[in-house]
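K.L.:
need the 3D shape of this:
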Amino acid sequence: MRPDDATLAARPQLFRFARATGRTAVFAVLALLALVGLVLVLVNFESIRDSAGDMTGRRSGLRGVVAPALVLISAFFAFVFAWIAISGSHRWERVETGTRLTARHFVVAGGPDVADAMHARFATGDPAQYLPVPNHKKGSIRVSVYRADADRLAFVTIQNGAGAKAPSWPLITLRDRAFVDLKRLAPEDFSRRPSGSGTIDPTLLG
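P.N.:
Have a look, this model is predicted:
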């Protein structure tokens, strides 16, 4: 799978896009189990269809669809799990320590001026400045927040479009107090302004 973050991909001395072995193994096993289930359904297709023929009452309308539905469901999960094992099991990690980055992504609508504003807000390292983070259904600006908890570091990247060659803004590194403040945020905190309640530190109010 190709790297999806232009800012991190441009710094191979700092970050690498590596396969997560554990995640790959888990989904490979799930894909194999789903494939075995598909084979069993196909081998026993006639028996399943005959058994479904005994359905009565409200379930009688399902007689003709039970066997085909089991085939489709098994095939669907075999495909999805195999795709995740092959293409969806890569993670960014720091080259220096090998620490994997946990990511949170946001889609923002707007042009370069909006991206400039987002970059300036995150560069302060102050949640009172960068919250709330916009997250739209459609938009060309991608804001990614990565945490390397073991290293007590966080990174923010902003790019216009997807892929390793998309135009991007300079890497933002959050450490010390800025990292601690970011780590304290719960997922729902990113969509609201800081307040005296919840998990956001009230001392950050401006």
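K.L.:
what about the closest residue to R152 other than its chain neighbours, how many residues nearby?
P.N.:
Nearest-residue entry for R152: F179, 5.5 Å, with adjacent residues in sequence omitted and distances by Cβ to Cβ, 6 or more residues apart in numbering. Every residue, glycine included, has its C-beta placed from N, CA and C. A count of nearby residues for F179, using other Cβ atoms under 10 Å, gives 20.
K.L.:
same question for L40.
P.N.:
There are 13 residues near L40, going by other Cβ under 10 Å.
K.L.:
which residues are contacting the helix or strand hosting H119?
P.N.:
Using DSSP states H and E, the element containing H119 is helix 112-123. For helix 112-123, the surrounding residues in contact (Cβ atoms under 8 Å, 6 or more residues apart in numbering) are 108, 129-130, 133-134, 141, 143, 156, 158, 160, 169-170, 172.
K.L.:
need the max-distance pair from the residues you listed.
P.N.:
Q129 and N160 (21.5 Å; Cβ to Cβ).
K.L.:
higher neighbour count, those two?
P.N.:
N160 (19 against 14).
K.L.:
my guess is that one contacts A166. True?
P.N.:
Yes - using Cβ atoms under 8 Å, N160 is in contact with A166, at 5.9 Å.
K.L.:
Three-state assignment for G125, please.
P.N.:
Classification of G125 by DSSP: H, G, I helix; E, B strand; the rest coil places it in coil.
K.L.:
residue ranges for the helices of this protein, please.
P.N.:
Here the chain has its helices, by DSSP state H, at 6-9, 21-43, 45-52, 66-87, 112-123, 127-130, 176-184.
K.L.:
domain boundaries for this structure, per the record?
P.N.:
6-17+92-204, 21-88 (automatic domain parsing).
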